[in-house]
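1. here is my input; please provide its structure:
(one chain, ligands or ions: 1)
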Amino acid sequence: MAAAMTTTTPDLELLSITKQFDTFTAVDSINLKVGRGEFVAIMGPSGCGKTTLLRILAGLETASSGQLYIRGKDVSDVPVNQRSTRLVWQNYALFPHLDVAGNIAFGLTLKPHDKAVVAGKVKAMAELVGLSDLMGRKISQLSGGQKQRVALARALVTEPEILLLDEPLSALDAHLRIRMQGELRRIQQQLGMAFIYVTHNQVEAFSMADRVVVMNKGRIEQIDAPEEMYARPKTEFVARFVGTNNLFAGRIQEVGQGHVIVHCAHGQLVVSTDDPPPIGASVFVVVQADKLTPAPTGVAGENRLDATLRGREYAGSHNIYLLDLVDGTEVKMTVPQVLPVEINQSATAWFSPANASLIRGAA
Ligand SMILES: Nc1ncnc2c1ncn2[C@@H]1O[C@H](COP(=O)(O)OP(=O)(O)OP(=O)(O)O)[C@@H](O)[C@H]1O
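-> Numbering: from 1, shown residues only. I've put the predicted structure just below:
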């Protein structure tokens, strides 16, 4: 039954959406609410079910079970041409025999419309996406970024309630991609429209989205604002998938005032926490690579990691150091300076207890 419509009705609500292909579960009991005008990015490794989920939202695929609501209305059985969603994907699927204006107008000309109304809407949309000067151009005379703008305008001109985007920028070069990220965010905010954006690209997801969804094997691992997801991954999978984190497996050995001591294979680590797991619990200590700094040799102290330098990479503004701990654990440290250490020599790293977090490990 459709939920009563209120101003707080989410743009999109998924209740236990599952998709099975024969015996294989591609999308597994997904629950998700997308608020009014929210930008949600869905990311995860290849094959985790991102595109299948987006196709279900678009009506191109039918869920095996579960309910899908758009602005409070159950659309689970509404066919694709009657959905208030539009899909934009990377191979723009534009019509080469039509010019830019013809391509943008295409969605509107499928239904009876006054010519002047169509022209007005196409003009306004071209202005919004920055194509006003190119209306008479053929598609073959456009750059990749311009083609992507046409595809975007063609979807938006039909005034969908939600725009679905499947890796829309992946065919563009790095420079153009950054430009288009800014443009997409501006357009989305100007229209106040919910965007559901599927991508492999972490930087893209984290720079545009209000919230990021990380999927793994058809399930949602974590939904959070980008900063929160980055600073506090909640599962081992997310900690390994997002950012550049170091994970140290261990067990809680001692619970102190505002901190715990974790026993790991290479030694003890101290982590600040207000929510300590019980003694004996299996945990991972998570420390971002840029929260590690070199520790002066010979100085004892908590969270000092004695290691061997195995590799280094110069990345312009920073250096990435690969270190091996005594038990073979690999550690990544990102620092601005060049360290006076050669490959296979001893090196040390250190982190503050306040810069580490805990996630529960396997029992
Ligand atoms: N029509 C289909 N029949 C059978 N299996 C399918 C079908 N469509 C997708 N799958 C399987 O479902 C899983 C999820 O596919 P999906 O395309 O949603 O993944 P994805 O996360 O979008 O991957 P990628 O990032 O590589 O595009 C994959 O294992 C895929 O092989």
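2. from Gly72, how far out is the residue in the stretch 151-300 of the chain positioned nearest to the ligand?
-> Proximity of the stretch 151-300 of the chain to the ligand (CB to the nearest ligand atom) peaks at His200, 5.7 Å away. For the C-beta atoms, the positions are set from N, CA and C on the backbone; glycine is no exception. Per CB to CB, to the nearest Å, His200 is found 32 Å from Gly72.
3. again, but for Gly243
-> Separation of Gly243 from Gly72 (CB to CB): 36 Å.
4. more crowded one of the two?
-> Neighbours per residue (other CB atoms under 10 Å) separate Gly243 from Gly72, with Gly243 holding more: 17 against 14.
5. the residue nearest to that one when sequence neighbours are not counted is in what secondary structure piece?
-> Leaving out its chain neighbours, the residue that sits closest to Gly243 by CB to CB, 6 or more residues apart in numbering is Tyr230, at 5.3 Å. Per DSSP states H and E: Tyr230 is located in helix 226-231.
6. and if you look at Leu339?
-> Assigned by DSSP H and E, Leu339 belongs to neither a helix nor a strand.
7. ok, it touching Ala347?
-> Yes: the pair Leu339 and Ala347 passes the contact test of CB atoms under 8 Å, sitting 6.9 Å apart.
8. might one say that Val198 is in contact with Ile42?
-> Yes: at 4.9 Å, Val198 counts as touching Ile42 under the criterion of CB under 8 Å.
9. common neighbours of those two, please.
-> Contact with both Val198 and Ile42 is made by residues 50, 53-54, according to CB atoms under 8 Å, 6 or more residues apart in numbering.
10. which of the residues you listed has the most neighbours?
-> Neighbour max across these (other CB under 10 Å) = Leu53, 28 neighbours.
11. A strand includes that residue, no?
-> No: secondary structure of Leu53 (DSSP: H, G, I helix; E, B strand; the rest coil): helix, not part of a strand.
12. what's around the nearest residue to it once chain neighbours are set aside, how many residues?
-> Leaving aside its sequence neighbours, Leu53 sits nearest to Val27 (CB to CB, 6+ apart; 5.2 Å). Neighbours of Val27 under the rule other CB under 10 Å: 28.
13. next, the contact list for the closest residue to His263 other than its chain neighbours, please.
-> In this structure, His263 finds its nearest non-sequential neighbour in Gln253, 4.2 Å apart by CB to CB, 6+ apart. Residues near Gln253 by CB under 8 Å, 6+ apart: 260-263, 268, 279.
14. quick one, domains of the protein?
-> Domain ranges of the chain: 12-231, 245-360, per the TED database.
15. what would the ones you listed look like in a markdown table with mean pLDDT?
-> Listed next are the domains of the chain as a markdown table, based on pLDDT from 0 to 100:
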| stretch | mean pLDDT |
| --- | --- |
| domain 12-231 | 92 |
| domain 245-360 | 92 |
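16. ranking the ones you listed by burial, who's on top?
-> Compared across these, domain 12-231 shows the largest average neighbour count, a mean of 18 (mean count of other CB atoms under 10 Å).
17. got the end-to-end distance for that one?
-> Length of domain 12-231, first residue to last, CA to CA, to the nearest Å: 27 Å.
18. which residue does the stretch 251-363 of the chain bring closest to the ligand?
-> In the stretch 251-363 of the chain, no residue comes nearer to the ligand than Ile359, which is 23.3 Å away by CB to the nearest ligand atom.
19. which ones are touching Val100?
-> Residues near Val100 by CB under 8 Å, 6+ apart: 126, 131, 134-137, 139, 142, 150.
20. could those residues go into a markdown table alongside distance to Leu163 and secondary structure?
-> Converted to a markdown table, the contacts of Val100 look like this (distance: CB to CB, whole Å; DSSP: H, G, I helix; E, B strand; the rest coil):
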| residue | distance to Leu163 | secondary structure |
| --- | --- | --- |
| Ala126 | 17 | helix |
| Leu131 | 17 | coil |
| Leu134 | 21 | helix |
| Met135 | 22 | coil |
| Gly136 | 26 | coil |
| Arg137 | 24 | coil |
| Ile139 | 21 | helix |
| Leu142 | 21 | coil |
| Val150 | 15 | helix |
